[in-house]
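**Student:** one predicted model, sequence on top.
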Amino acid sequence: MSDSALFNTYASYPITLVKGKGSRLWDDQGKEYLDFMSGLAVANLGHAPDSVKDALVAQLDQLWHVSNLFGNPNKEKAARLLVDNSCADAVFFCNSGAEANEAAIKLARRYQQKVKGVNRYEIITFNQSFHGRTLATLTATGQDKVKDGFLPLPEGFRYDIPLHDIPALEAAINEHTAAIMLELVQAEGGVIPVDPGFLSEVRALCDRHGLLLIVDEIQTGMGRTGKLFAHQHYDVEPDIFTLAKGIGSGFPVGAMLAKGDVVNGFVPGAHATTFGGTPIAMAAVVATIETYLKDNVVERAAEAGEYLLAQLEAKLGKLPIVDQIRGKGLLIGILCKEPVGELVSELHRRGLLVVTAGPNVIRLLPNLLVTHEEIDTAVNQIAAVLTEKAAVNTVSS
Ligand SMILES: *Cc1c(COP(=O)(O)O)cnc(C)c1O
């Protein structure tokens with residue numbers, strides 16, 4: 001048995017991080033790291049950004065928690081900022097990504113059943129998708145490994161549609177279908193961007209059949225792909241979209257947003273959560289979005305993403321081990337021809353924190369304010385490790 005009192009749910013890296021600022025992290029041995037994973041797309045403004053820290057400290061002096069039965073100016077302001085900068089008309093705040101997707105699934109069902117008056121409840125999702133770990137969201141997730149041991153799964157999901165396969169999608173739609181849900185870059189599934197033509201056809205199918213389009217922006221939202229929300233790259237608006245990860249700059253927050261008549265799917269008592277929209281969480285959200293607007297964070301992320309992709313193409317593109325470099329903005333995957341676990345560990349040992357996305361993909365998620373110098377450092381380290389690996393392969397084959 002291990003000496004930890006925690007459930008053994010995470011295959012942890014052998015690093016204990018104790019301090020972070022900007023793009024840098026330090027472990028308990030004092031070793032410094034360049035962070036190209038951002039706590040998995042959470043620390044989008046870098047670690048401990050001053051603007052958010054100041055807002056949190058000020059709020060700690062005012063009020064920590066208030067029941068959702070009372071008014072909450074921070075929550076109103078956070079929602080207004082999100083609505084003013086998106087296609088959405090209303091926001092529901094919760095505490096995590098899975099909860100945001102649960103809220104989206106519930107809203108889609110309740111809108112169909114109570115507003116439209118139809119017996120529609122089924123949610124269609126895609127192979128390799130990832131939507132969370134609650135029972136409903138793991139069912140929606142198109143990966144068997146997250147369902148293993150948790151049978152029976154809740155009813156009302158179809159999660160086996162190949163991405164980019166319109167005939168299969170169309171065949172799955174029936175009189176009980178309520179919504180189609182997808183990520184616009186499948187992140188955990190291997191950093192796979194969705195084709196614009198496919199999304200347009202999905203939108204058209206939704207319109208033709210009376211279905212809602214739900215976009216899971218938990219990883220792709222908050223500027224990660226070079227737009228504030230990934231769907232803004234496309235000529236398509238979702239009916240519902242979800243946020244979490246970067247929205248509180250590290251303070252845990254989730255959000256579910258909807259537009260138009262869909263908003264009427266929720267009425268008093270239909271959905272609730274104790275901690276959703278707590279004054280401290282909302283101070284983090286307001287400061288985060290205000291920082292994005294004031295410092296042109298999204299534009300900077302788009303520029304940095306182009307630079308990162310160009311450098312990766314130039315320095316890694318021709319390496320024999322590299323199959324493809326793909327993604328959007330600062331959500332980039334390096335697809336390799338073999339498992340990358342050991343390569344990622346070697347990068348960690350050399351002081352660069354990156355993460356995998358499936359067995360063969362190295363995923364890069366630097367903060368949105370990453371500098372060209374930091375990108376150069378990271379790309380050079382990755383190139384060195386992949387080149388050395390290629391040399392080892394040649395010797396041993
Ligand atoms: C991380 C993630 C989730 C789950 O969010 P949690 O906060 O871990 O519950 C859902 N969907 C996507 C696309 C994610 O990246």
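**Tutor:** Received it, and whenever you're ready, just let me know what you need. For clarity, every value in this text was computed on a predicted model and none was experimentally measured. Residues are numbered from 1 along each chain as shown.

**Student:** around the ligand, pick out the residues from the stretch 51-200 of the chain.
**Tutor:** The stretch 51-200 of the chain comes close to the ligand at residues 96, 97, 98, 101, 130, 131, 132, 183, 187, 188, as judged by C-beta under 6 Å from any ligand atom. Every C-beta, even on glycine, is put in place using the N, C-alpha and C of the backbone.

**Student:** tell me which of those fall in strands.
**Tutor:** Judged by DSSP state E, strands contain none of these.

**Student:** okay, the most centrally placed residue in the chain and residue 18: tell me how far apart.
**Tutor:** Most central in the chain under C-alpha atoms, centre = their mean is residue 219, positioned 1.0 Å from the mean C-alpha point. Distance, residue 219 to residue 18, using C-beta to C-beta, to the nearest Å: 25 Å.

**Student:** same question for residue 158.
**Tutor:** For residue 158 relative to residue 18 (C-beta to C-beta), the value is 44 Å.

**Student:** looking at these two, which is more packed in?
**Tutor:** More crowded of residue 158 and residue 18, by other C-beta atoms under 10 Å: residue 158, with 19 against 10.

**Student:** my guess is the more buried one meets residue 124, correct?
**Tutor:** Yes - if you go by C-beta atoms under 8 Å, residue 158 and residue 124 touch, sitting 4.7 Å apart.

**Student:** overlap in contacts of those two?
**Tutor:** 172, 177 (C-beta atoms under 8 Å, 6 or more residues apart in numbering).

**Student:** any idea which helix or strand carries the closest residue to residue 361 other than its chain neighbours?
**Tutor:** Distance criterion C-beta to C-beta, 6 or more residues apart in numbering; nearest residue to residue 361, sequence neighbours excluded, is residue 333 at 4.4 Å. Under the criterion of DSSP states H and E, residue 333 resides in strand 331-336.

**Student:** so which elements touch that strand?
**Tutor:** When contacts are defined as 3 or more C-beta pairs under 8 Å, 6 or more residues apart in numbering; DSSP states H and E, strand 331-336 packs onto helix 297-316, strand 322-328, strand 361-364.

**Student:** what's the burial count for the residue in the stretch 251-397 of the chain that the ligand sits nearest to?
**Tutor:** Using C-beta to the nearest ligand atom, the closest approach of the stretch 251-397 of the chain to the ligand is made by residue 254 at 6.4 Å. Other residues near residue 254 come to 27 when the count uses other C-beta under 10 Å.

**Student:** ok, it - contacts?
**Tutor:** Neighbours of residue 254 in contact, by C-beta under 8 Å, 6+ apart: 93-100, 103, 218, 242-244, 247, 276.

**Student:** could you check how far residue 195 is from the ligand?
**Tutor:** Going from residue 195 to the ligand by C-beta to the nearest ligand atom, to the nearest Å gives 18 Å.

**Student:** for residue 45, same thing?
**Tutor:** For residue 45 relative to the ligand (C-beta to the nearest ligand atom), the value is 18 Å.

**Student:** residue in the chain nearest to the ligand?
**Tutor:** At 2.1 Å from the ligand, residue 97 is the closest residue in the chain, using C-beta to the nearest ligand atom.

**Student:** okay, now the unreliable bits of the chain?
**Tutor:** Residues of the chain that meet the criterion pLDDT under 70 lie in 1, 396-397.

**Student:** what's the offset of the helix or strand hosting residue 51 from the middle of its chain?
**Tutor:** Element membership for residue 51, per DSSP H and E: helix 50-60. Relative to its chain's centre, helix 50-60 lies at 24 Å (C-alpha atoms, centre = their mean, to the nearest Å).

**Student:** perfect, I'm done here.
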